[in-house]
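1. Fold the following.
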Amino acid sequence: MRTRKYTDQIIQTVKKGIEAKKSYREIGKGLGLEPEKVRYIARKYQLENLRENVQAVRTKTPLTEKLLNYLKRTKREGKNFTITALADALNVAPKHIAKAIEDLRNQNITIEIDQEGVELSKTIPVEEKSLVIDPHKFFGGKIIRFGAIADTHLCSKYQRLDVLNALYDIYNQRGIQKVFLCGNHIDGEIRFNRYDLLVRGVEDQTKYFIENLPQRDGIETQFITGDDHEGWYVQREHINIGQYTEDMAKRMGRDDIKYIGHMERDIELKGAKTSQIIRLIHGGGGSTYADSYTSQKYAESLQSGEKPRVILIGHFHKFCFDYPREIYMVQVGCVEDQTPFMRKKKILAHVGGTIITLHQDNDGIINRCEVEWIPFYNKKFYEYKW
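-> Model prediction:
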């Protein structure tokens, strides 16, 4: 068997590389040799050993990162694993896998565990348990008044921060303490909106939202997330974007921004003999010829005995108030100008927000609903001298 002879030039290059504290991989790259060949030369010609510097200092990859990368890779391959199988694959005890899963969930990574195993999820479970609110405690008794907006789409070039701030000024003047935001608080990222964005990336878009959502004394904003726009981050990055937003807001010193659910959330108004439900939803699908059609079809689809008393709707960028099946249905408008995509689809934007006043009787029945629509117009309108 013939052994390869290495030239004096190769040996000197290896020696100089070792003296410079380079790794075998770095030395071999310049010579076109594998790291093991460089190690062999060092041993054969009795050069300084790199044991204390082998491949430089190796950083230990956290188990959470290993697990997340492994789940992403195997998800693309269509595979699911039990906790035991993951433990075997990553050469750790099952209890460490369980702890890593808990840590990832605490980082708002969407991981599901079911009979089929552990996998990354592209959605967020809808919260089934209603929020219980005592109107005497939170809304000042029998008259319940709050603001409702939707589709602020912050980070879009078509956002209306002027409108958003004006609405919160009005809410503040009217003594309103809660504003419900019915989805699409940020514009998210996908191929067809890339040129519409002022800010890119889930972290930067979230930070921009927190910095620009108006903050007024005594007003708390409670929001839900949709399965589009911010929902694209849920589907692609497997992150609970709503909880991620609230957590970042707290770190930035804002306790007035509260995440309450994905796609829909019921809020229960307790009474002496019965309770009534306000439901926030972020709808789906496109706009229709008649603004009220989507509200009516949603009301028709509800099973008897499960109807909320009031439904606040985002997504369609419309204002509409009607009463199908004895449900107060309010599409609450948007806080974004018409985009090129909307013009292409012939969709009009109703820019503005609402103030909603409910009257709850002594038994707990909501017996009146007043909806105040606060419209705004394109920016040039406000440049005119009347």
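
2. Tell me which other helices or strands whichever strand or helix holds Asp169 touches.
-> Counting by DSSP states H and E, the element that carries Asp169 is helix 161-173. When contacts are defined as 3 or more C-beta pairs under 8 Å, 6 or more residues apart in numbering; DSSP states H and E, helix 161-173 packs onto strand 143-149, strand 352-360. (Each C-beta comes from the backbone N, C-alpha and C, glycine too.)

3. Of those strands, which is nearest Asn69?
-> strand 143-149 (38.9 Å; C-beta to C-beta).

4. Need the residues that contact that closest one.
-> Here strand 143-149 makes contact (C-beta atoms under 8 Å, 6 or more residues apart in numbering) with 135, 139, 164, 167, 171, 174-182, 269, 312, 330, 332-333, 335, 353-360.

5. can you rerun that using 6 Å?
-> The contact list for strand 143-149 (C-beta atoms under 6 Å, 6 or more residues apart in numbering) reads 135, 171, 176, 178-181, 312, 332, 335, 353-358.

6. Pick out the most distant pair among those.
-> Pro135 and Val335 (27.1 Å).

7. Compare neighbour counts for the two and give me the winner.
-> Each of Pro135 and Val335 had its neighbours counted (other C-beta atoms under 10 Å), and the higher figure belongs to Val335 (28 against 19).

8. Just give the nearest non-adjacent residue to that one, would you?
-> Excluding its sequence neighbours, the residue lying closest to Val335 (C-beta to C-beta, 6 or more residues apart in numbering) is Thr152, at 4.5 Å.

9. Any chance of the backbone angles for that neighbour?
-> Recorded main-chain torsions at Thr152 are phi -70, psi -30, according to degrees, to the nearest 10.

10. how about the helices in the stretch 101-250 of the chain?
-> With helices called from DSSP state H, counting those that start in this stretch, the stretch 101-250 of the chain shows them at 135-138, 161-173, 202-212, 230-237, 241-251.

11. Ala89 is nearest to which of these?
-> helix 230-237 (22.9 Å).

12. returning to what we had before: columns distance to Tyr382 and mean pLDDT on top of the helices of the stretch 101-250 of the chain, output as a markdown table?
-> Shown next, in a markdown table, are the helices of the stretch 101-250 of the chain (distance: least, C-beta to C-beta, whole Å; pLDDT from 0 to 100):
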| stretch | distance to Tyr382 | mean pLDDT |
| --- | --- | --- |
| helix 135-138 | 35 | 60 |
| helix 161-173 | 8 | 98 |
| helix 202-212 | 19 | 98 |
| helix 230-237 | 29 | 94 |
| helix 241-251 | 30 | 97 |
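
13. Quick one, grab the pLDDT at Arg4.
-> In the prediction, the pLDDT value recorded for Arg4 is 62.

14. re the thing from before, just the buried ones from the contacts of strand 143-149?
-> 135, 171, 176, 178-181, 312, 332, 335, 353-356, 358 (16 or more other C-beta atoms under 10 Å).

15. mind listing the strands for the chain?
-> Using DSSP state E, the strands of the chain run over residues 111-114, 117-120, 131-133, 143-149, 178-182, 220-225, 257-262, 264-270, 275-282, 310-314, 319-322, 328-332, 352-360, 366-375.

16. Listing partners with orientation, what would you give for the fifth one?
-> If I follow you right, that is strand 178-182. Each strand that pairs with strand 178-182, with its direction, by DSSP bridges: strand 143-149 (parallel), strand 220-225 (parallel).

17. Quick one: work out the angle between the helix holding Asp169 and helix 202-212.
-> Helix 161-173 and helix 202-212 meet at an angle of 50 degrees, taking axes from the mean of the first three to the mean of the last three C-alpha atoms, to 10 degrees as the criterion.

18. relative orientation of helix 161-173 and strand 352-360 in degrees?
-> Between the direction of helix 161-173 and that of strand 352-360, the angle (the same axes, to 10 degrees) works out to 30 degrees.

19. in helix 161-173, what counts as buried?
-> Under 16+ other C-beta under 10 Å, the buried positions of helix 161-173 are 163-164, 166-168, 171-172.

20. Same check on stretch 339-347?
-> Buried residues in stretch 339-347, counted by 16+ other C-beta under 10 Å: 339, 342.

21. Quick one: end-to-end length of that stretch, please.
-> For stretch 339-347, the first and last residues are 9 Å from each other (C-alpha to C-alpha, to the nearest Å).

22. Excluding chain neighbours, what is closest to Leu68?
-> With C-beta to C-beta, 6+ apart as the criterion, Leu68 has its nearest non-adjacent residue at 6.1 Å, and that residue is Leu104.

23. And Val202, by the same measure?
-> Distances taken as C-beta to C-beta, 6+ apart place Tyr233 nearest to Val202, at 4.9 Å, with adjacent residues excluded.

24. what's near enough to touch that neighbour?
-> Applying C-beta under 6 Å, 6+ apart, one finds that Tyr233 lies in contact with 202, 239, 241.

25. and the first one, how many residues sit next to it?
-> Residues within reach of Val202, counting by other C-beta under 10 Å, total 20.

26. circling back to that earlier point, turn the buried residues of helix 161-173 into TSV, including distance to Gly188.
-> Shown next, in TSV, are the buried residues of helix 161-173 (distance: C-beta to C-beta, whole Å):
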residue	distance to Gly188
Val163	20
Leu164	18
Ala166	25
Leu167	22
Tyr168	23
Tyr171	26
Asn172	29
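
27. from these, which single one is nearest Ile278?
-> Minimum distance to Ile278 across these is 17.1 Å, recorded for Tyr171 (C-beta to C-beta).

28. Tell me how far His229 lies from Gln177.
-> 27 Å (C-beta to C-beta, to the nearest Å).

29. among the strands of the chain, which is nearest Ser304?
-> Closest to Ser304 of these is strand 275-282 (C-beta to C-beta; 14.4 Å).
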